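>>> Have a look at this prediction, sequence included:
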Amino acid sequence: MKTCHLYPIFGGILISTILCLTRIPSLAAERTYDCAAQENLDKPTTVEILLAKKWKDRTEEVKQSFTAADGSLKVRIKFFPFLDPPANIGIGQCVSAEQARLAIREAIRYNGKVDRLIIQDIMPHHWIKIGTTDTSELTWIPIKPEELARLTDPSLTTEQFHDLYRQLARQKEKKLPFGMGSEQRPENH
């Protein structure tokens, strides 16, 4: 009976591959996005707003309400095919507090209210999404009016705003699939 003498060769290749891959920084550890890095400073913030059809003839007015306050914003308008779009807002981690407060004010103005925050981890870094339907409803976290008032406090710095946003947009319960209910999440998560 012959034995295979290739095991040491394959074992050596496997060990060499593992050692090589662990030395590549991008594969060894997950990098965090740095909003203050030079290559990210000039990226404009994009506002994507989903509106009811009643605003279809007033798109320039809607764009102007954003760009008059901040000329660096890029505004994309979409229209909801039914009556009113969801009353949610998602704010990326690199959006300034001033831009975020403006977006919240305009979301209330055009969509009536904001009652859900989208978890920030799934948001593009330089984006604001208002009334969006392109994220899962499981990522829409209910927010109370008094919490929204705290979030729009003009004295908050950008860092304080995002800390509070992430705190408020944290899932408080684990939602089970297929309408099977939910479980309370422990406070330390």
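Structure received.

>>> Mind listing what's buried along stretch 108-124?
108, 110-111, 114, 116-120, 123 (16 or more other Cβ atoms under 10 Å). For every residue, glycine as well, the C-beta is placed using N, CA and C.

>>> Show me the helices in the protein, by range?
Secondary structure of the chain (DSSP state H): helices at 7-22, 25-28, 38-41, 59-67, 97-111, 145-151, 158-168.

>>> Lowest mean pLDDT across those helices, which one is that?
Among these, helix 25-28 carries the lowest mean pLDDT, at a mean of 44.

>>> Centre-most residue in the chain?
Nearest residue to the geometric centre of the chain (Cα atoms, centre = their mean): Met123, 2.1 Å.

>>> Now for that one: which residues touch it?
90-93, 129 (Cβ atoms under 8 Å, 6 or more residues apart in numbering).

>>> repeat for Lys53
So Lys53 contacts 79-81 (Cβ under 8 Å, 6+ apart).

>>> In strands only, show me these.
Phe79 (DSSP state E).

>>> what's the nearest residue to Asn111 if we skip its chain neighbours?
Gly131 (5.1 Å; Cβ to Cβ, 6 or more residues apart in numbering).

>>> Distance check, the one you found against Met180.
28 Å (Cβ to Cβ, to the nearest Å).

>>> Asp121 too?
The spacing between Asp121 and Met180, counted by Cβ to Cβ, is 24 Å.

>>> Same question for Ala169.
Counting by Cβ to Cβ, the gap from Ala169 to Met180 is 23 Å.

>>> Can you pick out the residue with more neighbours from those two?
Neighbour count, other Cβ atoms under 10 Å: between Ala169 and Met180, Ala169 has more, with 23 against 8.

>>> Can you give me every residue that contacts the more buried one?
117-120, 141, 143.

>>> Let's see that with 7 Å instead.
Contacts for Ala169 (Cβ atoms under 7 Å, 6 or more residues apart in numbering) come out as 117-120, 141.

>>> Pipe the contacts of Lys53 into TSV and attach neighbour count, pLDDT and distance to Asp34 per row.
Formatted as TSV, the contacts of Lys53 follow (neighbours: other Cβ atoms under 10 Å; pLDDT from 0 to 100; distance: Cβ to Cβ, whole Å):
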residue	neighbour count	pLDDT	distance to Asp34
Phe79	14	96	35
Phe80	16	94	35
Pro81	10	91	38
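
>>> Please identify the one among the contacts of Lys53 that lies nearest to Pro154.
When these are compared for distance to Pro154 (Cβ to Cβ), Phe80 wins out at 30.0 Å.

>>> isn't that closest one right up against Leu50?
Yes - with contacts counted by Cβ atoms under 7 Å, Phe80 reaches Leu50, the gap being 5.3 Å.

>>> Give the residues shared as contacts by those two.
Gly131.
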